[in-house]
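J.: sharing a model that was predicted from the sequence below.
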Amino acid sequence: MGSPPMIDGAFARWLADRAGQALLELRAEMGFADAAALKAAGDKVSHDLIRSELAKWRPGDAVLSEEDEGSRLVDSTDGVSRLTADRVWIIDPLDGTREFSEEGRADWAVHVALWARNAPSPHGLVAGAVGLPAQHRVLGTDYPPAYPPMTVEAATSGDRTLRLAASRSRPPAFLTDLAGDVGAQLVPMGSAGAKIAAVVTGDVDAYIHAGGQYEWDSAAPIAVATATGLHASRIDGSALRYNEADPRLPDLLVCRKDLASRLLAALQRHSG
Ligand SMILES: Nc1ncnc2c1ncn2[C@@H]1O[C@H](COP(=O)(O)O)[C@@H](OP(=O)(O)O)[C@H]1O
Ligand SMILES: [Mg+2]
């Protein structure tokens, strides 16, 4: 096989795609009888593949990964220290692990993002790709999908109910009241990457999460969402920031820009 692309965005897509294919093969081989074993194997297969390709093709870069021992600590001393590095790959080898282990579900993803110290945006993400293997697509910053994700007419017609993606397993407690307040319908879905991808493609209008998450759960999809022109912030409207000493990043809002002020105002009323 030839070398992967040199450009970081295309490389991220290549990597997310390869890991996704390995995960599809694993699902086909193992079946769904033992969910715990399938989840553990999925995390490991994807992590090992991404880690070894990064070591081979981007050896000077640091890595922050959900599956690395020490990632939840302030800084991992494994390899290049990410807090002094100029470039850090932030990866979630399998986001939506629970859904990956459930037959027929396609809401799980592979996240590959690149943070750079000299990035022009506050979030610092300069490239990223979200593999959605069971949906047969990879969304990436190299070819950002069109914005707005749906026709303006459909998005703004008065009788259309807003669709708000939320965690299937751990939705924020305030979300039902908020949805009622803004006249939205909740769409439960697994995986932060799959939910943000659904905002990017216009399948839903927004994604709100609160109560806990880590940088790797959102870095790659936020790179793609902001590359398309979507609004992405913390639920208090402040900037999302990556490669922080503490990788916890517990809440976020992703939506079209025309919805942001309305949803941020509702979040202020409901998220206490
Ligand atoms: N309250 C919480 N605390 C920590 N992580 C959370 C969380 N709620 C969601 N997450 C993480 O965010 C990702 C998307 O969650 P969900 O599918 O519920 O929307 C999952 O990542 P993983 O599947 O990589 O573990 C999940 O673990
Ligand atoms: Mg995750």
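T.: Perfect, thanks for sending it. Ligands and ions are numbered 1, 2, ... in the order given.

J.: which element, helix or strand, includes whatever residue of the chain ends up closest to ligand 1?
T.: Of all residues in the chain, Gly212 sits closest to ligand 1, with a separation of 2.4 Å (Cβ to the nearest ligand atom). (C-beta placed from N, C-alpha, C; glycine too.) Under the criterion of DSSP states H and E, Gly212 resides outside all helices and strands.

J.: from here on, count from 403
T.: With the count now opening at 403, the last piece we talked about shows up as Gly614.

J.: count the residues that sit near Ala421.
T.: Residue neighbour count, defined by other Cβ atoms under 10 Å, stands at 26 for Ala421.

J.: please apply the same query to Arg429.
T.: For Arg429, the number of neighbouring residues by other Cβ under 10 Å comes to 19.

J.: and for the residue of the chain closest to ligand 1, the neighbour number?
T.: Look at Gly614: counted by other Cβ under 10 Å, it has 13 neighbours.

J.: please report phi then psi for the closest residue to it other than its chain neighbours.
T.: Setting aside the residues directly before and after it, Gly614 is nearest to Pro652 in space (Cβ to Cβ, 6 or more residues apart in numbering), at 4.9 Å. Backbone torsions for Pro652, taken as degrees, to the nearest 10, come to phi -80, psi -20.

J.: Pro652 contacts Gly613, correct?
T.: Yes: under the contact definition of Cβ atoms under 8 Å, Pro652 touches Gly613, with a separation of 6.4 Å.

J.: can you list residues touching both of these two?
T.: Listed contacts common to Pro652 and Gly613 are nil; contacts here mean Cβ atoms under 8 Å, 6 or more residues apart in numbering.

J.: how many residues are close by Arg643?
T.: With other Cβ under 10 Å as criterion, Arg643 counts 14.

J.: go ahead and confirm it touches Leu527.
T.: No: counting by Cβ under 8 Å, Arg643 stays clear of Leu527, with 10.0 Å between them.

J.: would you say Gly533 is within a strand?
T.: Yes: remark: Gly533 belongs to a strand, assigned using DSSP: H, G, I helix; E, B strand; the rest coil.

J.: what's near enough to touch it?
T.: Residues touching Gly533, when contacts are defined by Cβ under 8 Å, 6+ apart, comprise Ala418, Asp419, Ala421, Gly422, Ala511, Val512, His513, Val514, Val540.

J.: let's go with 6 Å and repeat that
T.: Residues touching Gly533, when contacts are defined by Cβ atoms under 6 Å, 6 or more residues apart in numbering, comprise Ala418, Asp419, Gly422, Val512, Val540.

J.: need the mean per-residue confidence for the host helix or strand of the last one.
T.: In other words, Val540. For Val540, the element it lies in under DSSP H and E is strand 539-542. Mean per-residue pLDDT for strand 539-542: 98.

J.: contacts for that strand?
T.: Outside strand 539-542, the residues within contact range by Cβ under 6 Å, 6+ apart are Gly411, Arg415, Ala418, Asp419, Ala531, Val532, Gly533, Ala599, Val602, Val626.

J.: surely the second one is in a strand?
T.: No: secondary structure assignment places Arg415 outside any strand; it is helix (three-state DSSP).

J.: that one: neighbour count?
T.: That count, for Arg415 with other Cβ under 10 Å as the rule, works out to 25.

J.: so it touches Ala529, yeah?
T.: No: when contacts are counted by Cβ atoms under 6 Å, Arg415 is not listed as touching Ala529 (9.0 Å).

J.: show me the shaky parts of the stretch 403-552 of the chain.
T.: For the stretch 403-552 of the chain, the stretches with pLDDT under 70 are 403, 471-482, 552.

J.: quick check: residues of it near ligand 1?
T.: For the stretch 403-552 of the chain, the residues in contact with ligand 1 under the definition Cβ under 6 Å from any ligand atom are Glu468, Asp494, Asp497, Gly498, Thr499.
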